[in-house]
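Participant: sequence and predicted structure, then a few things I'm wondering about:
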Amino acid sequence: RRAPHGSAAPCALPPEWCALVLKCLAKNPADRPKSWGEIADALIRFYQDVTGTPPVLEITGPALEARELMDKGYSLTELGRLGEAVEAYDRAIGLQPDYAWAWARKGRTQRLLERYTDALHSYDEALRIQPRYAWAWKGRGMILERLGRIDEALDCYRTAAQIDPTDVWNWYNQADALHSLGHQADAITALKRALEVDPAHPNSWAKLGQIYRVQGDHLQAIYAYEQAIRLDPTYSWAHNGYGLVLKAAGNFKEALLSFKRAARHQPGEVWHWYNVTEMLVELRQYDEALQPAQQAVRVDANHAFSWAKLGQVLRYLRRHEEALDAYNRAIALQPDYAWAINGKGIVLEQLGRYEEALACYRRAVQISGADVWHWYNQGNVLALLGRYDEALPVLHSAIQANPKHARSWARLGNVLRQTKRYDEALAAYEKATQLEPGYAWAWNEQGITLEALHQYDRALQTYRRASEAAPDDALYADTGTTRPLL
């Protein structure tokens, strides 16, 4: 029955039960029971008093308190209070030293703290206590992977999958490790098994897309990424990967949209902004590229690639001094970054600071002699300085680096013409125009050389080819006179 209004309901429980309830409801936390174990012990006594027999409990006393500490540790981990979480797990282990779950959970939290050696010890303890603990094998593999011990990590993931083949992550992690080891076919097999376990696992679809992209199978990669995005429209890594494969397939506009989606869903990832910038540069939308380039360096001020890309955008916008500053930031962060050093050289060349530009190009060649542009740019500046004897071997090196580089053939022809080696010059120009039939400057240079040889009809024909290749360029409009060098 309800107590009369304004009066307290009488306690129908035995006095000691009422005392426990009131203690649990005490206003001052210090007056409440100190743990679930204390409450459980009291309830056990009450049960025995009433029934005369002890209750059958799944968890009692210290075990119950250890379980409470496990819940506390998990909550603290999710709140990002990782140090406190480790302390909770240590207390649980103190109560139950053979508590494999506590050791494994502690290992996970230590991984999040990047205390990998400690984490490995915790997982080893969990597996010593419970050797067929799939979750601990998986966690141990993750630690080994972060330590660069990929083969050992793969063994852990395989063991986890043998114990628990129904966990999709055990297959996904195998695929990730196999991909890192370059075993792409085996990685695909593992991912197909993952998708048998869970066809709606977006991570496995996206990883499959990545591997097909690395293999150059663009159609399969596109399909896999689309499945991942369909399952999780906010999955930024999949949007970024989708953009990369669209870029590789030459679909720059669609790639740009995908990179923009990645940046929208994960604005704190610098590579998304870098990729947006790169696509806008490819599309020659330099004004629009400036904002994402600046955002990239705001997101990560230590990202050398983004500083160099910002330098490139500023260079295209003719903001040379700012471009130099950006390239210098990139080089300061990564002194052996040949692409940034080469880009700085281009800016210096545009400013007419040829000797400084030449020093940059030479440094870029020292770092990355396989890049034809580093050789070409060096030869080009030497030609502009009239140092033809120095330019010749450099341009030959450019052609050795890439025999299909039309600009190097054309500049070689120009240097040969300047040194009056006309027949060799003609051969170089012809190679350039074979490789790039629309290369107006090479046609024009060929015409100048033919004029020098008094072959006027052929010269006129090549001047006309130059004009056809660049009809809007006034330099090639007059087909009857010799052109100045570019």
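Facilitator: Yes, it's here.
Participant: the helices in the stretch 51-200 of the chain, which residues?
Facilitator: Applying DSSP state H, counting those that start in this stretch to the stretch 51-200 of the chain gives helices spanning 61-78, 82-95, 100-112, 116-129, 134-146, 150-163, 168-180, 184-197.
Participant: buried stuff in the helix or strand hosting residue 366?
Facilitator: Applying DSSP states H and E as the criterion places residue 366 in helix 354-367. For helix 354-367, a neighbour-count test (16 or more other CB atoms under 10 Å) marks 354, 357, 358, 359, 360, 361, 362, 363, 364, 365 as buried. In short, each C-beta sits where N, CA and C put it, glycine included.
Participant: elements contacting it?
Facilitator: Here helix 354-367 touches helix 338-350, helix 372-384, going by 3 or more CB pairs under 8 Å, 6 or more residues apart in numbering; DSSP states H and E.
Participant: now the next helix or strand after the last one: mean pLDDT?
Facilitator: Counting by DSSP H and E, the next helix or strand C-terminal to helix 372-384 is helix 388-401. Confidence for helix 388-401, expressed as mean pLDDT, is 97.
Participant: ok, and what's touching helix 388-401?
Facilitator: Around helix 388-401, the neighbours that count as contacts under CB atoms under 8 Å, 6 or more residues apart in numbering are 369-372, 375-376, 378-379, 382-383, 405, 408-409, 411-412, 415-416, 418-419.
Participant: looking at the helices of the stretch 51-200 of the chain, spot the one closest to residue 220.
Facilitator: helix 184-197 (9.4 Å; CB to CB).
Participant: for that closest one, name the packing helices and strands.
Facilitator: So helix 184-197, by 3+ CB pairs under 8 Å, 6+ apart, packs with helix 168-180, helix 202-214.
Participant: try it again with 10 Å
Facilitator: On a contact count with 3 or more CB pairs under 10 Å, 6 or more residues apart in numbering; DSSP states H and E, helix 184-197 meets helix 150-163, helix 168-180, helix 202-214, helix 218-231.
Participant: got the angle for the strand or helix carrying residue 309 vs helix 338-350?
Facilitator: Using DSSP H and E, residue 309 falls within helix 304-316. Angle, helix 304-316 to helix 338-350, by axes from the mean of the first three to the mean of the last three CA atoms, to 10 degrees: 20 degrees.
Participant: buried set for helix 304-316?
Facilitator: Those would be 304, 305, 306, 307, 308, 309, 310, 311, 312, 313, 314, 315, for helix 304-316 by 16+ other CB under 10 Å.
Participant: run through who's touching the next helix or strand after that helix.
Facilitator: Once the chain leaves helix 304-316, the next helix or strand it forms, by DSSP H and E, is helix 320-333. Identification of contacts with helix 320-333 by CB atoms under 10 Å, 6 or more residues apart in numbering yields 293-294, 297, 301-317, 319, 337-348, 350-351, 353, 360, 363.
Participant: distance between helix 320-333 and the chain's centre?
Facilitator: Relative to the chain's own centre, helix 320-333 is displaced by 23 Å; criterion: CA atoms, centre = their mean, to the nearest Å.
Participant: do the same with stretch 192-208
Facilitator: 20 Å.
Participant: try stretch 283-303
Facilitator: Distance, centroid of stretch 283-303 to centroid of chain: 16 Å (CA atoms, centre = their mean).
Participant: could you do stretch 223-240 as well?
Facilitator: 15 Å.
Participant: any weak-confidence spans in the chain?
Facilitator: 1-12, 52-54, 56-61, 478-486 (pLDDT under 70).
Participant: who touches the residue sitting nearest the centre point of it in this structure?
Facilitator: A centroid search over the chain (CA atoms, centre = their mean) returns residue 271, at 5.9 Å, as the residue closest to the centre. Contact analysis of residue 271 by CB under 10 Å, 6+ apart lists 236-237, 240, 244, 259, 262-263, 278, 296, 299-300, 303, 305-306.
Participant: so the helix or strand that contains it versus helix 304-316, what angle?
Facilitator: Secondary structure assignment for residue 271, by DSSP H and E: helix 270-282. Per the same axes, to 10 degrees, the angle that helix 270-282 makes with helix 304-316 is 30 degrees.
Participant: C-terminal to helix 270-282, what's the next element?
Facilitator: By DSSP H and E, the next helix or strand past helix 270-282 is helix 286-299.
Participant: so which elements touch that next one?
Facilitator: Counting by 3+ CB pairs under 10 Å, 6+ apart, helix 286-299 packs on helix 252-265, helix 270-282, helix 304-316, helix 320-333.
Participant: turn those helices into JSON lines, columns for distance to residue 165.
Facilitator: Formatted as JSON lines, the helices and strands packed on helix 286-299 follow (distance: least, CB to CB, whole Å):
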{"stretch": "helix 252-265", "distance to residue 165": "32"}
{"stretch": "helix 270-282", "distance to residue 165": "34"}
{"stretch": "helix 304-316", "distance to residue 165": "40"}
{"stretch": "helix 320-333", "distance to residue 165": "45"}
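Participant: ok, which of those comes nearest residue 193?
Facilitator: Nearest of the helices and strands packed on helix 286-299 (CB to CB): helix 252-265, 27.7 Å.
Participant: helices or strands up against that closest one?
Facilitator: Helix 252-265 is packed against helix 218-231, helix 236-248, helix 270-282, helix 286-299, with contacts defined by 3+ CB pairs under 10 Å, 6+ apart.
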